[in-house]
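*Asks:* Predicted model, plus sequence, below.
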Amino acid sequence: MSGAFRIDRVVTSGVFELDGGTWDVDNNVWLVGDDDEVVVVDAAHDEKAITAAVGDRNVVGIVCTHGHNDHVTVAPQLGEHLHSPVLLHPADRELWELTHPGRRFWRAEDGERIAVAGTALEFIHTPGHSPGSICLHLPEAGALFTGDTLFAGGPGATGRSFSDFPTIISSIRDRLLVLPAGTRVHTGHGDGTSVGDESPHLDEWIARGH
C-alpha cells in the first residue's frame, strides 16, 4: 500500500426513485487510492463533483455497491469521461436497466478483487437491500464500504421492491460481522461506524424486523 494512500469522501445530493416514490437523499461517494490512481465507489448524482475530487488521477474502476438509481446516477457518463469501467453485480441488472436501459457494465462478482495503489479491494456479495448489493473490503486499511447494506444503527432498508429482510440479516451476520471488530464501516449515506459497534445489536435488529 502506498504511503500516500487515502480514503476521501464526496457528498452529493439528488433524488432516489423506486416503486413510484421519490426521496431527496445525500449520498457518500468514496475515492480509494493514492496520488496516482483511485477507485470510485458509487457514482451518485453529480459528475462534476466526483471528477473534481478525482483530479488528474487514473480511475481504475467505478464500482457500484448496488443498482438503485441514486448510486448509479452518473455511472455511464463518468466511466466514459474518465475512461474507466463501471462494475456492478449482475444480480442488479434489472435495477440498473431502470436508470440506464441498454447501457453496459462490467460484472463485479463475489470474491473478485480490484487492485489500486498497491493494494486491492475485495467484492463481498451481500444481497438483501437489493439482489446484487456488494460491499468492498480493504483489509490492509481496516476498511469496509457497505453501500446501503449496513449503516450506523442497523441494516439498510428492505421495504421496497427487490429487497428482503431475512436475506440482508444473513448477509450482514455471515459476511460482514465476521470481519475484525475494528474494521471501519464507510456507508452509502450518513456517518460511518465499525463492525465492533454494530455486531452486538444483531438480535435487536432481528427483533425489530425492519
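*Replies:* Yes, it's here. Quick caveat, the model's predicted, so the values are computed rather than measured. Numbering: from 1, shown residues only.
*Asks:* Give me the neighbour count for V178.
*Replies:* Per other C-beta atoms under 10 Å, the neighbour tally for V178 reads 10. Where C-beta positions appear, they are placed from N, C-alpha and C, glycine not excepted.
*Asks:* secondary structure class for it?
*Replies:* coil (DSSP: H, G, I helix; E, B strand; the rest coil).
*Asks:* for it, what are its contacts?
*Replies:* Contacts for V178 (C-beta atoms under 8 Å, 6 or more residues apart in numbering) come out as none.
*Asks:* could you say what helices and strands the lowest-mean-pLDDT helix or strand in the chain packs with?
*Replies:* Ranking every helix and strand in the chain by mean pLDDT, DSSP states H and E puts helix 202-208 at the bottom, with a mean of 94. Judged by 3 or more C-beta pairs under 8 Å, 6 or more residues apart in numbering; DSSP states H and E, helix 202-208 is in contact with strand 154-155, helix 165-171.
*Asks:* Would you mark the buried spots in it?
*Replies:* Neighbour-count burial for helix 202-208 flags W205 (criterion: 16 or more other C-beta atoms under 10 Å).
*Asks:* what's in contact with it?
*Replies:* Contacts for helix 202-208 (C-beta under 8 Å, 6+ apart): G154, P155, I169, I172, R173, L177.
*Asks:* try stretch 132-140
*Replies:* Residues contacting stretch 132-140 (C-beta under 8 Å, 6+ apart): 1, 32, 41, 63, 65-67, 88-93, 95, 108, 110, 119-127, 143-150, 156, 171, 175-176, 179, 183.
*Asks:* out of those residues, which are buried?
*Replies:* In these, the ones that pass as buried (16+ other C-beta under 10 Å) are 32, 41, 63, 65-67, 88-89, 91-92, 95, 108, 119-127, 143-150, 156, 171, 175-176, 179, 183.
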